[in-house]
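Novice: Fold the following for me, if possible:
(2 chains)
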Amino acid sequence: MRAILRKESILPGFGLTLGCTMAYLGLVVLLPLGILFARTTTLSWPEFWKTVSDARVVASYRLTFGGSAVAAIVNAVFGFIVAWVLVRYRFPGRRVIDALVDLPFALPTAVSGIALTAVYARNGWIGKWLETVGIKATFSPLGVVIAMTFIGLPFVVRTVQPAIEDLNAETEEAAASLGAGRWDTFRRVILPSLLPSLFTGFALAFARALGEYGSIVFISGNMPKHTEITSLLIITKLEQYDYSGATAIAVVMLTASFFLLLLINTLQWWSSVRRQARSIG
Amino acid sequence: MIVERVHANTASGKMTGLVRRAEWAWSRWLLTITAVTFLLLFLVVPLLAVFAEAFSKGVWAYLMCFREPDALSAIKLTVLVAVIAVPANLVFGLVGAWAIAKFDFRGRSILITLIDLPFAVSPVISGLIYVLLFGLQGWLGPWLAAHDIKIIFAVPGIVLATVFVTFPYVARELIPLMQEQGTEDEEAALSLGASGWQTFRRVTLPNIKWALVYGVILCNARAMGEFGAVSVVSGHIRGLTNTMPLHVEILYNEYNFVAAFAVASLLAALALITLGVKTVVGRVEARRLRQLSGD
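Specialist: Sure thing, here's the model as predicted:
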């Protein structure tokens, strides 16, 4: 244990705590995840390809990835505005609203699912109004996007908020005193320095929506090839005891998630470099 | 054009100075109204709907929902699962954060990434991996069946899936804070003759207590509210393997809306308490940081 230490320390318990951490991590996380990948090797390549490229599965990818992208874009735009308003303006109820932004983290997904369905259904508080303009919000792809927007909402706000707080007021003032208009200052000075955190928030919201299950299945109606998300398809396969099929689709989704994780880590590194550069300069 | 003063506060509450900034009143109003409307449509209205639907047939009908034995057993199971999963991840969080934050060793950043892994795995897949491990057609399935041990479609499977999805919460809160605090306090205590355990209890623990409270409360909210992962491993046996979120689903699919939203209202109340505690802890932390920087 001591051999891997980079710096000697007088604090006790390194071997014990690291050992326990590795053992617990291995048993609870790594072993079960490893089994998933080990299981795919029992499938032949043509079998695997046939499962993951089936028309119904492909339709579910389109909905899941497309819906997640739309929801993440909506969150990027409105999340940015929410973060801006919360940092820059003072108005009654601001603190309550600030606290409520985290609601999608804290509210169980099944509760979010039935609540959104109740509100956006044809006879619901908001669905009633959408119905009059001919928009069907539940049991349609739009419902999937609504649920995905809900659960991804805190990510953009919470990543952009600290970046706006860190903005250097002097730079803005300098731009203004050099004759830049409000919009020019925003576009040329503010937006570029917020981009890394905005992209990070977007990617986090996208990743979260990709794997979401609970809040979507109530509002979507789960019609095959129309409003069926990939997570639900995995469950359907499991219920038919088609473990190999479920595993194959899960591996596709998990690979996508891991690539996103890698991207998010890179983005976070980028924003921290930006922040350091700014604090030095 | 209105000239007004905008407080440029940072997260730590440190004032970077009062900035006089010209801002068009209409853009300010437009942005505020847009933000508030967006949050109303997506957060506030659905939250209110939970309670409105739960009480739509009156308080009496609401209360009667909790006399159902199935609802009661769902509540009991949810509490049981949280009582096992939260302490397990609390101990792991403390132990893991100690190793990662207080020592500098090779592979540390990889270890942090691995601890975060369950966040990147979707809930349904989190359940699936345990089915592949312990299910009837799973890796250990035949052996378990031969010894008459049930994990999948039983309580142990629900506990395992919950432990997996709540795995990073406590460690995630502690690691950055403990890294920032460094090891000087502990080194001082040790050189004054305190034992390792005394140092941890008297020096480290008071330093991290608020982050710990926050991590535990988030971990608990997720443990009680997890749906996807638990749904895969539970088998939905009424009165036996139904947690509260699963019971909500069953009631809802039976068109028993009042009962579904009544159970959901308990979970929503838990979420609101979680947010309340989070806000209070955040404020206490900010005040502490301000005092530190004021010294």
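
Novice: CA atoms for contacts and neighbours, from now on please.
Specialist: Noted.

Novice: Low-confidence bits of the stretch 51-200 of chain B, can you list those?
Specialist: Scanning the stretch 51-200 of chain B for pLDDT under 70 picks out nothing.

Novice: B:Leu192 - how many residues pack around it?
Specialist: Per other CA atoms under 10 Å in any protein chain shown, the neighbour tally for B:Leu192 reads 9.

Novice: What of B:Trp143?
Specialist: For B:Trp143, using other CA under 10 Å, the count is 13.

Novice: ok, so what distance separates it from B:Ala99?
Specialist: Distance of B:Trp143 to B:Ala99, given as CA to CA, to the nearest Å: 36 Å.

Novice: and what of A:Ile97?
Specialist: 37 Å.

Novice: Who has more neighbours out of these two?
Specialist: B:Ala99 (23 against 19).

Novice: Tell me which residues of the one helix or strand that one maps to come out buried.
Specialist: Following DSSP states H and E, the helix or strand that holds B:Ala99 is helix B:69-102. Buried residues in helix B:69-102, counting neighbours by 16 or more other CA atoms under 10 Å in any protein chain shown, are found at B:70-75, B:77-79, B:81-82, B:85-86, B:89-90, B:92-102.

Novice: and if you look at stretch B:193-206?
Specialist: For stretch B:193-206, the neighbour count (16+ other CA under 10 Å) marks B:Thr199, B:Phe200, B:Thr204 as buried.

Novice: same question, stretch A:169-182
Specialist: Buried-residue list, stretch A:169-182, by 16+ other CA under 10 Å: A:Ala169, A:Glu172, A:Glu173, A:Ala175, A:Ala176, A:Ala180.

Novice: ok, and of the residues you listed, which contact chain B?
Specialist: With CA under 8 Å from any CA of the partner chain as the criterion, those include A:Ala169 near chain B.

Novice: how about the buried residues of stretch A:169-182 in JSON lines, adding secondary structure?
Specialist: Rendered in JSON lines, the data for the buried residues of stretch A:169-182 read as follows (DSSP: H, G, I helix; E, B strand; the rest coil):
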{"residue": "A:Ala169", "secondary structure": "helix"}
{"residue": "A:Glu172", "secondary structure": "helix"}
{"residue": "A:Glu173", "secondary structure": "helix"}
{"residue": "A:Ala175", "secondary structure": "helix"}
{"residue": "A:Ala176", "secondary structure": "helix"}
{"residue": "A:Ala180", "secondary structure": "coil"}
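
Novice: Pull the most distant pair out of the buried residues of stretch A:169-182.
Specialist: Spatial extent of the buried residues of stretch A:169-182 (CA to CA) is set by the pair A:Ala169 and A:Ala180 at 14.4 Å.

Novice: how much space is there between A:Thr64 and chain B?
Specialist: 13 Å (CA to the nearest CA, to the nearest Å).

Novice: who's in contact with that residue?
Specialist: A:Ala209, A:Leu210, A:Ile229, A:Thr230 (CA atoms under 8 Å, 6 or more residues apart in numbering or on different chains).

Novice: One more pass at 6 Å, please.
Specialist: Counting by CA atoms under 6 Å, 6 or more residues apart in numbering or on different chains, A:Thr64 touches A:Ile229.

Novice: before we move on, the earlier item: same list, the buried residues of helix B:69-102, but only the ones touching chain A.
Specialist: B:Val95, B:Gly96, B:Ala99 (CA under 6 Å from any CA of the partner chain).

Novice: Surely the second one is in contact with A:Cys20?
Specialist: Put plainly, it is B:Gly96. No: judged on CA atoms under 6 Å, B:Gly96 makes no contact with A:Cys20 at a distance of 7.8 Å.

Novice: where does the stretch 51-200 of chain A dip in pLDDT?
Specialist: Short version for the stretch 51-200 of chain A, where the test is pLDDT under 70: none.

Novice: can you list the residues of it near chain B?
Specialist: A:Ile81, A:Val82, A:Val85, A:Ala106, A:Leu107, A:Pro108, A:Ala110, A:Val111, A:Ala115, A:Leu116, A:Glu165.

Novice: what's the distance between the third one and A:Gly93?
Specialist: For A:Val85, the distance to A:Gly93 (CA to CA) stands at 12 Å.

Novice: who has more neighbours, these two?
Specialist: Per other CA under 10 Å, whichever of A:Val85 and A:Gly93 has more neighbours is A:Val85, with 22 against 9.

Novice: which phi and psi does the more buried one have?
Specialist: Main-chain torsions, A:Val85, degrees, to the nearest 10: phi -60, psi -40.

Novice: and it, what does it touch?
Specialist: A:Val85 touches B:Thr32, counting by CA under 6 Å, 6+ apart.

Novice: now with 7 Å?
Specialist: B:Leu31, B:Thr32 (CA atoms under 7 Å, 6 or more residues apart in numbering or on different chains).

Novice: distance of it from B:Val44?
Specialist: Distance from A:Val85 to B:Val44, by CA to CA: 17 Å.

Novice: how many other residues sit next to whatever residue of the stretch 51-200 of chain A ends up closest to chain B?
Specialist: With CA to the nearest CA as the measure, A:Pro108 is the residue of the stretch 51-200 of chain A nearest to chain B, at 4.3 Å. Neighbour count of A:Pro108, defined by other CA under 10 Å: 26.

Novice: wait, A:Ile151 sits on A:Leu103?
Specialist: No: counting by CA atoms under 7 Å, A:Ile151 stays clear of A:Leu103, with 8.9 Å between them.
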